[in-house]
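Trainee: Generate coordinates for the sequence data below:
(4 chains)
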Protein chains: 2
Amino acid sequence: MSRDLDIRVCIIEDDETIREGYVYLIGNTPGYKIAGSHASFEDAAKRIAAEDPDVVLLDVELPGISGIDALPKIKKLVPEAYILILTVYEQDMLIFRALGNGASGYLTKNTPPEKIISAIQEVMEGGGPMSAHIARMVITSFQRNEASPLTRRETEILEQIATGKSRKRIAQELFIDLETVKSHIKNIYHKLNVHSKADAIKTAKDNKFI
Amino acid sequence: MSRDLDIRVCIIEDDETIREGYVYLIGNTPGYKIAGSHASFEDAAKRIAAEDPDVVLLDVELPGISGIDALPKIKKLVPEAYILILTVYEQDMLIFRALGNGASGYLTKNTPPEKIISAIQEVMEGGGPMSAHIARMVITSFQRNEASPLTRRETEILEQIATGKSRKRIAQELFIDLETVKSHIKNIYHKLNVHSKADAIKTAKDNKFI
DNA sequence: CGATACTCCCCCCAATCAGGTTATTTTTAA
DNA sequence: TTAAAAATAACCTGATTGGGGGGAGTATCG
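Mentor: Numbers count the residues shown, from 1 in each chain, chains lettered A, B, ... in the order given. This next block holds a predicted model:
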């Protein structure tokens, strides 16, 4: 089999046992090869460009600079590589920061070996591999709160306000009077118990009303 | 095996061949049973509450009311059920509207039968099953444009503006002078070629600068 | 019928926003 | 180590917006 067609994988993981486990797994799977293996981003930074990986497996809890903060830097060093996050944590904040920073997938460390291999293949084929709970959290992040106290119109107007539009412009675009928009806004503020745009937007977003 | 522990699945799909295929598949898989099978939302609406499904397989392109618009109504009729979208289309707009309307998973119709069964199981166990390309699109939606013309500070300030905060408040929270905030905003407007908050936010969001 | 939603009107005034120009200091990259 | 880029701050002007108070008419729907 032509070694040149193997998928080149780079591992950045500080725990030696886990790291060697991945090295063994990937090194012994036909079609895959280890392009590099590092215990920290600082180590990886020096050589990762030369290693030219197709996929980077990145631990989030690294010594020194964290995996999440390392993400954009790795992207700059190897822009064509896909980065898969490996972590024991399942916190929303970390997930969304990782995805926002350029991760192409997010796996928890209890993922069985064969799933890790299939995740690497999946990301190479245009997929976005995620562990089940992660995927659920990602999907949930899109969902609205059905118990919103706001009416349809109020929600619509608050969404417009959240885009930075002035009341006058909102009135024009919704074909209603400026005074009507003001009325709705007063009602929104009362319902959400706030006294400003910013607070209304924050409360509404926190509660997924918009 | 106790029928009472079977996962109850309801199918809403107008194409009879496909629908019967799913009925056959699920009806003949141990642990699963057909709770209902309908060719349109209008049909389903009458009986779905009584059928008490655990999972609803929903086609997006239905005659009459579309699957996406039917979603919130189904949620009201069977609030505890998980809804999985089935579609031949892979358009961003449809995906995000479906997820926003309460879908718990999104599968393309070329999904092999065994994957459909595992998706049903996955959603019951707290996962968020998605076809590979869908997952990629969802992940991509979180990602920033690395070619943003805005500096880090400008991006930060524009994000704050997008939350509805006033310039004065932004200045206070970032521990800088109001005049500095104004300077940054002027630079942002020049770079984005806009003349208002709303236009800056729109341009920045369209281009994934924020 | 009464509740809810949507619409519109009047008042007031402080605060904010947009634009122009210049200039210093700090940070980053070549 | 030097030049460029980014972040900071100042002064000016004028128009627009935002928040709060009150009241009131018209649908729609169960």
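
Trainee: all contacts plus neighbour counts: C-alpha atoms, from now on.
Mentor: Will do.

Trainee: Quickly check: the longest helix along chain A near DNA strand D or not.
Mentor: Determined from DSSP state H, the single longest helix within chain A is helix A:178-192. Yes: against DNA strand D, helix A:178-192 shows contacts by Cα under 7 Å from any atom of the strand at A:183, A:186, A:189.

Trainee: Whether that helix contacts DNA strand C - can you check?
Mentor: Yes: remark: helix A:178-192 sits within contact range of DNA strand C at A:178, A:179, A:180, A:182, A:183, A:184, by Cα under 7 Å from any atom of the strand.

Trainee: from these, which is closest to residue B:59?
Mentor: Set against residue B:59, the nearest of the residues of helix A:178-192 next to DNA strand C by Cα to Cα is residue A:184 (36.3 Å).

Trainee: wait, isn't that closest one in contact with residue A:152?
Mentor: No: counting by Cα atoms under 8 Å, residue A:184 does not reach residue A:152; the two are 10.8 Å apart.

Trainee: Looking at these two now, which is surrounded by more residues?
Mentor: Remark: of residue A:184 and residue A:152, residue A:184 carries more neighbours, 18 against 10, as counted by other Cα atoms under 10 Å in any protein chain shown.

Trainee: so who does the more buried one touch?
Mentor: Residues near residue A:184 by Cα atoms under 8 Å, 6 or more residues apart in numbering or on different chains: A:153, A:154, A:157.

Trainee: Just among those residues, which is most surrounded?
Mentor: In the contacts of residue A:184, the most neighbours by other Cα under 10 Å go to residue A:157, 21 neighbours.

Trainee: Quick one: name whatever helix or strand follows the strand or helix carrying it.
Mentor: Under the criterion of DSSP states H and E, residue A:157 resides in helix A:152-162. For helix A:152-162, the following helix or strand on the C-terminal side (DSSP H and E) is helix A:167-174.

Trainee: what ranges of chain A fall below the confidence cut-off?
Mentor: A:1-4 (pLDDT under 70).

Trainee: Which parts of chain A belong to which domain?
Mentor: Split into domains by automatic domain parsing, chain A comes to A:3-140, A:152-206.

Trainee: out of these, deepest packed?
Mentor: Most buried of the domains of chain A, by mean neighbour count (mean count of other Cα atoms under 10 Å in any protein chain shown): domain A:3-140, with a mean of 19.

Trainee: ok, that one near DNA strand C or not?
Mentor: No: judged by Cα under 7 Å from any atom of the strand, domain A:3-140 stays clear of DNA strand C, getting no closer than 10.6 Å.

Trainee: helix, strand or coil for residue A:116?
Mentor: Assigned with DSSP: H, G, I helix; E, B strand; the rest coil, residue A:116 falls in the helix class.

Trainee: how far away is the residue nearest the centre of chain A from DNA strand D?
Mentor: Nearest residue to the geometric centre of chain A (Cα atoms, centre = their mean): residue A:99, 2.0 Å. Using Cα to the nearest atom of the strand, to the nearest Å, residue A:99 is found at 22 Å from DNA strand D.

Trainee: got it, and residue A:167?
Mentor: As judged by Cα to the nearest atom of the strand, residue A:167 and DNA strand D stand 4 Å apart.

Trainee: From residue B:61, how far out is the closest residue to residue A:87 other than its chain neighbours?
Mentor: Nearest residue to residue A:87, sequence neighbours excluded (Cα to Cα, 6 or more residues apart in numbering or on different chains): residue A:108, at 4.9 Å. Relative to residue B:61, residue A:108 is positioned 35 Å away (Cα to Cα, to the nearest Å).
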